[in-house]
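J.: starting from these lines, generate the structure:
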Amino acid sequence: MNSRYLVILASATVVSVALPGLLAQAGGPKDAADWPMYNRDPAGTRYSPLTQINTKNASQLRQAWSYQLKSSATGRGAPRSSGSEVTPIVIDGVMYLPAAGRVVALDAVTGKEIWRYELPAGSPGNRGVTYWPGDKDNPPRILFTTGHMMVGLNAKTGKLDPGFGKEGQVDLVVPYTAPPTVYKNMLFVGANVPEINAPNLPGDTRAYDARTGAKMWEFHSVPRLGEVGNDTWAPDAWKDRTGVNNWGFQMSVDAQRDLLYTTFGSPASDFYGGDRIGNDLFGNSVVALDANTGRMKWYFQAVHHDVWDFDLPPAAGLMDVTIKGKKVPIMAQTGKVGYMYILNRVTGEPVFGVKETPVPKSQVPGEQLSATQQIPLKPPPFGRMSFKMEDLVTAEDTTAEHAAACRDLVEKSGGAHNEGPFTPYAWRAPGAPPVSNVIFPGPIGGANWGGTASDPKLGYVFVFTNEYGSIGWVQKEPETSKVPYQQASILGNPFNSKFWALKKDANGLTLGAQSWPCQKPPWGRLTAVNAATGEFAWQIRLGVTDELPEGKKNTGRIGFGGPIVTAGGLVFIGATNDKRFRAIDSRTGKELWETKLEYNAIAVPMTYQGKDGKQYVAITAANGGAGVTDPDQRGEESVVVFALP
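T.: Numbers count the residues shown, from 1 in each chain. The predicted model follows:
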């Protein structure tokens, strides 16, 4: 089934559990002062109406306070490190966040602890917590995940709420490390499952009752016999198939229509699909579900039969824009693949069209790639989608040492072949010398979990993207391996197969920030897309390389994390691995303010108004970054908060 989109009134790809009628809760923030959920509102805009900090005074921002994330006395014995990627939330003057082995409530003006909940073992998911406002029978709750458990705390006291699940805990069975998405009295969760196929670990999206913790419904991300999309799998290839999971940090909801949008990654295994011939729905798709029942309304598959790890991690951003005089309800979906798909969020139809474009074939035994892939007509790709040897970095671009290391990488890899978008990895036969293809973007993107911010007044969608390639081949694995074929390179497999000049410290740990990419800059960009036209409003290099001399520093940088946007005309973003936090003019892309942090800001920032009437902006500076930052165990990771003097 190669349908670009599909409107469905009912589907069997859901297991429903009868529950009492839902009591309506506010679908969005009641107070402009708050940042009540990861993406601020159900629509995933990350748009704040606050204007106290604006384009005229952003340069005056100063640190107001900070809160250290690593605890010296967390749980049983040894301190727990953080590696945090958290976006705090603020409701009615109180900030809530996970920190190493605890969850805390802080005074949002001073950073002083109001309460803390220490986990008896393990740590909460390091990306955030969820606030549910309660009802006449239940107090407001703070909800978080730890492993395969979802935990509910009394928001006022920080103590386990026994009315939620079994003494405050619900067993999700399949782990999820991000904050649940809250809407009305429902909690939506994804799944963190292995990237090599493992039975009994489905990547399904699930809904739970926020009052009782009871499971409400489950959407089968790999459709079963008789369900829509099952015919896109080879016979029996769907059985016990893992992957196809929403591992991103949040989902989006159209509150007017009660539509939940869930996004999925690639099927396992990531880099070989010979055992799953077909387009493999709902891999690499955004799926619209009835939020109350889990029944599918439509889907859009961005990548057919993924063998590149081109997941769609971020939640879509929703807003209404005027196109040719008509208001259109759109959603902007990005992913590692490096494109933005602007869809009508009611029907799933691409607003500016897509073209099923012929793409290269694979030489890997048994692999049958899709002959075409859907490439948007608009917007254009955010960055490099192909590679030629003249794109290899030179000493004039960076340094002689860096250029030499990249030439050596290509030589030892057996070349750096590329056939444009969706180039597959090369096939290296057993006993053959290395032979490599270069893939752009690589498996970290493109746009990763940092996602987008949307300004409903400007009609702009903002996104940070990496310019990071991958180099290598697919090889036959030993008979005892979990997969028959796997991606590899001279640097390792598959996580280390980045197209970079790899550096390590004395302990053999990867220096991710010092291992620069091997193609000419830019290496990271921030783009504003005009959603009404599908064109770029502006695009800038984001990030600097401090080790280079003036005139070369503006390389753009690699990273994870994403932007927020305010009515004050500002885009705030960390994300890059140069330890910077920045304010950008949302209309022009001009940098108005930057500050250097102790750690990289691998997180999404947030902003709020304190009880003192001042607007604050917060970012996490921590040791996260999944291999693109340098190891740093000083233990001073913090949430850092800024305000005007």
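
J.: can you list the low-confidence ranges for the chain?
T.: Across the chain, the ranges flagged by pLDDT under 70 are 1-30, 71-82.

J.: ok, the spatially most central residue of it to residue 251 distance?
T.: Closest residue to the average C-alpha location of the chain: residue 449 at 1.0 Å, with CA atoms, centre = their mean. Separation of residue 449 from residue 251 (CB to CB, to the nearest Å): 12 Å. (Glycine included, C-beta is placed from N, CA and C.)

J.: what's the answer for residue 186, then?
T.: 11 Å.

J.: kindly report the same for residue 190.
T.: Between residue 190 and residue 251 the distance is 8 Å, computed by CB to CB.

J.: those two: who's more crowded?
T.: residue 190 (30 against 26; other CB atoms under 10 Å).

J.: the more buried one and residue 177 touch, don't they?
T.: No - in this structure, residue 190 is not within contact of residue 177 by CB atoms under 8 Å, at 9.2 Å.

J.: so what's in contact with those two at the same time?
T.: residue 247 (CB atoms under 8 Å, 6 or more residues apart in numbering).

J.: one step back: find residues that contact each of residue 190 and residue 251.
T.: Joint contacts of residue 190 and residue 251 (CB under 8 Å, 6+ apart) are 205, 262.

J.: so how many other residues sit close to the residue lying closest to residue 610 once chain neighbours are set aside?
T.: Nearest residue to residue 610 in three dimensions, chain neighbours excluded: residue 109, at 4.1 Å (CB to CB, 6 or more residues apart in numbering). Neighbours of residue 109 under the rule other CB under 10 Å: 19.

J.: and residue 109, what does it touch?
T.: 93, 610-612, 614, 616.

J.: which of those count as buried?
T.: Buried members of the contacts of residue 109, counted by 16 or more other CB atoms under 10 Å: 93, 610, 616.

J.: quick check, residue 488 in a helix?
T.: No - assessed with DSSP: H, G, I helix; E, B strand; the rest coil, residue 488 is strand; it does not lie in a helix.

J.: distance of the residue nearest to residue 610 from residue 319?
T.: 31 Å.

J.: swap in residue 440?
T.: 29 Å.

J.: just residue 342 next, same as before
T.: 11 Å.

J.: who has more neighbours, those two?
T.: Using other CB under 10 Å, the more surrounded residue of residue 342 and residue 319 is residue 342, with 27 against 23.

J.: can you name the helix or strand that residue 496 falls in?
T.: Residue 496 belongs to no helix or strand when assigned by DSSP states H and E.

J.: returning to what we had before: please, which helix or strand holds the residue nearest to residue 610?
T.: Per DSSP H and E, there is no helix or strand for residue 109.

J.: please shift the residue numbers so they start at 54 in all later answers.
T.: Shifting the count to begin at 54 puts that one at residue 162.

J.: count the residues that sit near residue 264.
T.: Neighbour tally, residue 264, other CB under 10 Å: 22.

J.: so which of the contacts of residue 162 belong to strands?
T.: When the contacts of residue 162 are checked against strands (DSSP state E), the matches are residue 669.
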